[in-house]
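[1] Give the three-dimensional model of this entry:
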Amino acid sequence: MSWGPVRWWRARTLHARLSLLVAVAVGAAMVAVAGGAWVAVREIQRHQVAQELTSDAAAIAANPQQWLATESSRSRELWGGGEHGDGDGGRGPGRGGRPHGEIGPCWQILDATGTPSGGSRTTLPVTDTAKQIAAGSSRQPAQETITLGPDDYLMLTVPLSGGGAVQVGMDSDPSERVLAAFALLLALGCAAGIAGAAFLGRTVARAGLAPVERLTSAVEDVAVTQDLDHPIDVHGVDEIARLGRSVNAMLAAIEASRRAQRTLVEDAGHELRTPLTSIRTNVELLLELERRPELAHRLPPEERAKLLADLDAQVRELATLTTELVELSREEATRETAEPVDLADVVAAAVARVLPMMTSWSRP
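    Below is the predicted model:
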């Protein structure tokens with residue numbers, strides 16, 4: 001038994017198979033491209049976030065005291081209700097006017113014991129890895145994923161030259177939302193592309209299989225009418241035209257086989273008619289003698305024996321012809337090689353064959 005999907009596939013028409021194959025191929029290509037694009041965008045975003053965290057951490061680590069003073073002044077302005085702060089609007093030193101605080105990455109500075117000594121209003125958790133970096137046990141920056149309230153943050157901890165560490169955190173949810181929206185757009189685009197591919201595949205299959213349908217109709221007409229004398233119209237040099245020429249060659253071979261079969265039947269009828277006629281004549285003669293015993297003197301015993309011998313020879317000849325016809329009708333019979341024939345032998349054999357018949361016909 002065939003597997004279920006295999007049975008279902010074999011039950012589909014060639015038109016449906018081609019349409020489905022085109023749709024699947026285009027859909028697979030679109031899904032692969034969309035997946036690659038999504039992965040590329042995700043990696044670019046991660047690289048940008050990591051680069052921004054590294055840049056912010058390096059800027060703070062270069063002058064941590066000034067950043068602490070700036071953040072303290074900005075906090076007093078925000079919480080004290082003043083309209084003017086330290087003259088830079090709460091912008092960190094050396095940052096080209098980039099604001100920090102709740103609208104940007106949150107940060108804090110750790111002393112050598114891992115205790116926060118200041119930073120943004122959002123407090124970052126001090127992990128074991130951060131404590132090791134602050135204590136000087138590890139001099140390699142560490143990036144971790146943390147949770148602050150309902151949001152996930154990426155946190156980077158870098159060591160300070162005099163001991164301690166700088167922690168910088170950035171909310172990763174906006175990037176994840178952008179990736180989710182991008183994935184949804186890609187999914188919608190893939191769905192639309194697959195639907196369009198299915199429609200185009202159906203159109204392409206219909207156009208590509210039109211010559212096959214015409215050839216199929218022509219072959220079906222030949223099968224119905226049994227007319228092998230009119231070949232199928234073939235145009236072009238493509239595979240369909242080659243198939244049409246092959247079909248015409250097959251029809252010509254079938255017609256030749258039909259003519260050969262007709263000729264064989266006619267020749268067999270002629271060959272069988274001669275011994276059957278002779279046998280019938282001799283049998284009628286014997287029956288006539290049986291019905292009219294007074295005519296028995298006209299056929300002496302030696303003539304009767306010769307007549308019976310002729311009947312036996314004719315029956316043997318009929319059996320030989322029948323055997324030869326059976327051999328000719330076999331599909332596995334091989335074509336005999338051509339050999340030279342002496343016509344004198346053919347004439348002598350024909351005379352020897354006909355002479356007994358003429359003798360039996362001449363008997364009263």
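[2] how near is His270 to Glu327?
    When distances are taken as CB to CB, to the nearest Å, His270 and Glu327 turn out to be 18 Å apart. The way it works is simple: take the backbone N, C-alpha and C, and place the C-beta from them, glycine included.
[3] And for Glu255?
    From Glu255 over to Glu327 (counting by CB to CB), the distance is 24 Å.
[4] same check, this time on Ala134
    Counting by CB to CB, the gap from Ala134 to Glu327 is 106 Å.
[5] what about the strands in this structure?
    Applying DSSP state E to the chain gives strands spanning 106-110, 116-119, 142-148, 151-159, 165-171.
[6] Same list (these) but as CSV, adding mean pLDDT and distance to Asp128.
    Shown next, in CSV, are the strands of the chain (pLDDT from 0 to 100; distance: least, CB to CB, whole Å):
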stretch, mean pLDDT, distance to Asp128
strand 106-110, 89, 13
strand 116-119, 85, 15
strand 142-148, 86, 10
strand 151-159, 88, 11
strand 165-171, 89, 12
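[7] Relative to Met30, which of those strands is closest?
    Of all these, strand 151-159 sits nearest to Met30, with 30.7 Å by CB to CB.
[8] So for Gly35, what's the pLDDT?
    Gly35 is assigned a pLDDT of 92 by the prediction.
[9] er, Thr277 I mean
    Note for Thr277: predicted pLDDT of 81.
[10] just Val346 next, same as before
    pLDDT recorded at Val346 is 73.
[11] how near is it to Asp310?
    Distance of Val346 to Asp310, given as CB to CB: 22 Å.
[12] which of those two has more neighbours?
    Asp310 (19 against 10; other CB atoms under 10 Å).
[13] Pretty sure that one sits against Ser278.
    Yes: in this structure Asp310 lies within contact range of Ser278 using CB atoms under 8 Å: 7.4 Å.
[14] Next up, the contacts around Leu156.
    With contacts defined as CB atoms under 8 Å, 6 or more residues apart in numbering, Leu156 is in contact with Ala50, Leu53, Thr54, Ala57, Pro141, Ala142, Gln143, Gln167, Val168, Gly169.
[15] Just list whatever residues bridge to it.
    In this structure, Leu156 bridges to Gln143, Val168 when assessed by DSSP bridges.
[16] other SSEs contacting the longest helix belonging to the chain?
    Within the chain, and with DSSP state H defining each element, the longest helix by residue count is helix 239-291. Applying 3 or more CB pairs under 8 Å, 6 or more residues apart in numbering; DSSP states H and E, we find helix 239-291 packed against helix 210-225, helix 301-329, helix 343-362.
[17] would you turn the ones you listed into TSV with distance to Pro116?
    Rendered in TSV, the data for those read as follows (distance: least, CB to CB, whole Å):
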stretch	distance to Pro116
helix 210-225	77
helix 301-329	106
helix 343-362	125
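[18] Confirm for me that Arg202 is in contact with Leu20.
    No: Arg202 is beyond contact range of Leu20, at 9.4 Å (criterion: CB under 8 Å).
[19] Find the residue ranges of the stretch 1-150 of the chain scoring beneath the pLDDT cut-off.
    1-3, 72-104 (pLDDT under 70).
[20] show me where it has helices.
    In the stretch 1-150 of the chain, helices defined by DSSP state H, counting those that start in this stretch lie at 4-11, 14-62, 64-80, 128-135, listed in chain order.
[21] sorry, back to before: look at Ala134 and Glu327 and report which has more neighbours.
    Set side by side, Ala134 and Glu327 give different neighbour counts by other CB under 10 Å, the larger being at Ala134 (26 against 9).
[22] Isn't the more buried one up against Ser117?
    No: counting by CB under 8 Å, Ala134 sits too far from Ser117 to count as a contact (10.2 Å).
[23] related to what we said a few turns ago, and the helices and strands packed on helix 239-291, which one's lowest on average pLDDT?
    For these, the weakest mean pLDDT is recorded on helix 343-362, namely a mean of 67.
[24] How is this structure partitioned into domains?
    Per automatic domain parsing, the structural domains of the chain span 9-192, 239-332+345-362.
[25] Determine how far the last one lies from the middle of the whole chain.
    With CA atoms, centre = their mean, to the nearest Å as the basis, the distance from the averaged C-alpha position of domain 239-332+345-362 to the chain average is 60 Å.
[26] One more: the first one?
    Taking CA atoms, centre = their mean, one finds the center of domain 9-192 at 44 Å from the center of the full chain.
[27] distance between the ends of that domain?
    Taking CA to CA, to the nearest Å, domain 9-192 runs 25 Å from one end to the other.
[28] can I get the CA coordinates of stretch 285-293 in CSV?
    Output of stretch 285-293 as CSV, limited to C-alpha atoms (Å, rounded to 0.1, in the frame of the first residue of the first chain):
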residue,chain,number,x,y,z
LEU,A,285,-15.7,-39.0,-53.2
LEU,A,286,-15.4,-41.6,-50.4
LEU,A,287,-18.8,-40.7,-49.0
GLU,A,288,-20.3,-41.0,-52.5
LEU,A,289,-18.9,-44.5,-52.8
GLU,A,290,-20.3,-45.4,-49.4
ARG,A,291,-23.8,-44.3,-50.4
ARG,A,292,-23.6,-46.0,-53.8
PRO,A,293,-21.9,-49.4,-53.4
